[in-house]
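**Student:** mind looking at a prediction? Sequence and model below.
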Amino acid sequence: MTIGSAIIRGESFRLSFGPESVFGTDPGTDYLETVFGVVQTGTMPDPDMEWEPIWALGSASARNFYTMYRGKKSLNGSIGDIWILDGAPALYLPIGTVATVGTDKALGGGSTLDGGTAIGATSAVLISATDYTTGDYIQIDTTTLAEVRKITNVVTNTLTLDFPLQYAHSTGATCNEVQSTYTHTISEASTLLSFTMQHEMFDSTNTSQLIRRYSGGKVGRASFAATEGEQLRVSLDDMMFCSYKADGGAGVATASLTYPTTQPMIFSYGALTLWGTEFARLKNFNIDLSNNLEPKYYLTDDATAYLPYELREGKREYRIRATIDITDSTLFDEMVKYGVNHGAAVDGLFKGFDMSMVFTRDTGDTITFTLPPSSATAAGDGQGCFIKSAPHNIVADAQVSVDLEIIARSMKVVVVDSNYMPWSC
């Protein structure tokens, strides 16, 4: 056997994702340019085949199976330990939707839509395109549907956009030219946004050897974490997809990736606030989010796919873990009061408490986790966080630490960033 000189290099890869305007519909190579922050390892969602052996038919087979039939396929993967540089890609995928607003540009364009736009549109027709300039940025809408796109061309009143629109917008929606700084508000949604992911592998001569593209993707589980002295990180612990193709398949081609140039969010610039009290001696924290995704294998007209028809979101669950060096009995008091510390309604529903975690970069950019999204109330659909455990143990260390476990009902994330990102993609 001849041993070749070129090998597949573990560190030589490209990994990116792109938005899907329609679940399971590949957006195409041009829109597969967004990266998952800094990624060094990952488990790709390559097919896991089920096989159905039959023992019941052939007498000559004795105790061996007589024949084998194909069963279901599943496409499950994960990407752990992603360093968050700008918060863009990995944060909204397991949570829901994102609304982006910019800072109005002085002397920039200001108009409204002349006709509605559909999900996936790459252009917008305005009542007037006066003062809109190629290379600048337009914000469409001002509500929870707000999104910002770069203008790549202007012809009369039609603007061409650099990325497909994630939302449909109505006639008359406000359109302003904007600039940095951008605020991205990530909110929960019953139906998660879907995405397509592409992985390309290279050998030691930098020659592409394998390209795989996975579509109809959703994130089932994720965790957001930080430890003292390290970077803010996110793990997409369970990603499910509904289809795949490789190499010579239609539309599978090398994608041009856009890499971030900003510095990571560092733990030392963070602050944890519980029930309005800031805790300075935080050693680590972790927010685990589970969407309890379930693949559905319905009857279809594709007799050979054996793949999930769709992915259905289950119950959403949050678990927070944090280690805090304590100076008094504050955490113990909160735990043993069993939620009464923040009031109980007549019907017995406890209010719980508010929690927030803020990370700041030296440029002033921030990522803020808020649980719940607004102030907790003692009513259904409004409660906040509850301490599950907070053991105050005897330890040999000079400083006593408490390992908190907290249950939360809901969350939102707000990212303020000086760089443009097609977030609503």
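**Tutor:** All right, it came through fine.

**Student:** so what's Ser401 up against?
**Tutor:** 283, 323-326, 395 (C-beta atoms under 8 Å, 6 or more residues apart in numbering). All C-beta atoms are positioned from the backbone trio N, CA, C, and that covers glycine.

**Student:** if we use 10 Å, what do you get?
**Tutor:** Counting by C-beta atoms under 10 Å, 6 or more residues apart in numbering, Ser401 touches 281, 283-284, 323-326, 392-393, 395.

**Student:** ends of stretch 106-124, what's the gap?
**Tutor:** Chord length of stretch 106-124, first to last residue, is 21 Å (C-alpha to C-alpha, to the nearest Å).

**Student:** buried ones in that stretch?
**Tutor:** If you call a residue buried by 16 or more other C-beta atoms under 10 Å, then stretch 106-124 has these buried ones: 108-111, 113-114, 117, 120-122, 124.

**Student:** just checking, next helix/strand downstream of the one helix or strand Leu404 maps to?
**Tutor:** Assigned by DSSP states H and E, Leu404 falls within strand 401-408. Scanning forward in sequence from strand 401-408 by DSSP H and E, the next helix or strand is strand 412-417.

**Student:** that following strand - which strands sit beside it in the sheet, and in what orientation?
**Tutor:** If you go by DSSP bridges, strand 412-417 pairs up with strand 174-188 (antiparallel), strand 366-371 (antiparallel).

**Student:** single out the most deeply packed of those strands.
**Tutor:** Across the strands paired with strand 412-417, averaging neighbours per residue (mean count of other C-beta atoms under 10 Å) puts strand 366-371 on top, at a mean of 21.

**Student:** quick one: it to strand 401-408, angle?
**Tutor:** Between strand 366-371 and strand 401-408, the angle comes out at 70 degrees (axes from the mean of the first three to the mean of the last three C-alpha atoms, to 10 degrees).

**Student:** report the rounded mean pLDDT for strand 366-371.
**Tutor:** For strand 366-371, the mean per-residue pLDDT is 92.

**Student:** got the CA positions of stretch 240-248 in CSV?
**Tutor:** Once non-C-alpha atoms are left out, stretch 240-248 reads as follows in CSV (Å, rounded to 0.1, in the frame of the first residue of the first chain):
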residue,chain,number,x,y,z
MET,A,240,-30.8,18.3,14.9
PHE,A,241,-31.2,18.5,11.1
CYS,A,242,-33.7,17.1,8.6
SER,A,243,-31.5,16.7,5.5
TYR,A,244,-27.9,16.6,4.2
LYS,A,245,-25.9,16.5,1.0
ALA,A,246,-22.2,16.2,0.3
ASP,A,247,-19.5,17.2,-2.3
GLY,A,248,-20.9,16.9,-5.8
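
**Student:** tell me the buried residues in that stretch?
**Tutor:** Buried residues in stretch 240-248, counted by 16+ other C-beta under 10 Å: 240-244.

**Student:** measure Arg409 to His392 for me?
**Tutor:** Distance, Arg409 to His392, using C-beta to C-beta, to the nearest Å: 26 Å.

**Student:** just Met335 next, same as before
**Tutor:** Distance of Met335 to His392, computed by C-beta to C-beta: 9 Å.

**Student:** who has more neighbours, the two?
**Tutor:** Met335 (19 against 14; other C-beta atoms under 10 Å).

**Student:** now the more buried one, what's its secondary structure?
**Tutor:** Three-state assignment for Met335 (DSSP: H, G, I helix; E, B strand; the rest coil): helix.

**Student:** where does pLDDT dip in the stretch 251-400 of the chain?
**Tutor:** For the stretch 251-400 of the chain, applying pLDDT under 70 flags the ranges 251, 268-269, 300-304, 338-349.

**Student:** now the helices for it?
**Tutor:** With DSSP state H, counting those that start in this stretch as the criterion, the stretch 251-400 of the chain has helices at 330-336.

**Student:** against Ile406, how distant is the closest residue to Ile387 other than its chain neighbours?
**Tutor:** Nearest non-adjacent residue to Ile387, counting by C-beta to C-beta, 6 or more residues apart in numbering: Met335, 4.6 Å away. Note on Met335: its distance to Ile406, by C-beta to C-beta, is 10 Å.

**Student:** quick one on the thing from earlier: of the buried residues of stretch 106-124, just say which sits nearest to Asn419.
**Tutor:** Nearest to Asn419 among these, counting by C-beta to C-beta, is Gly108 at 18.3 Å.
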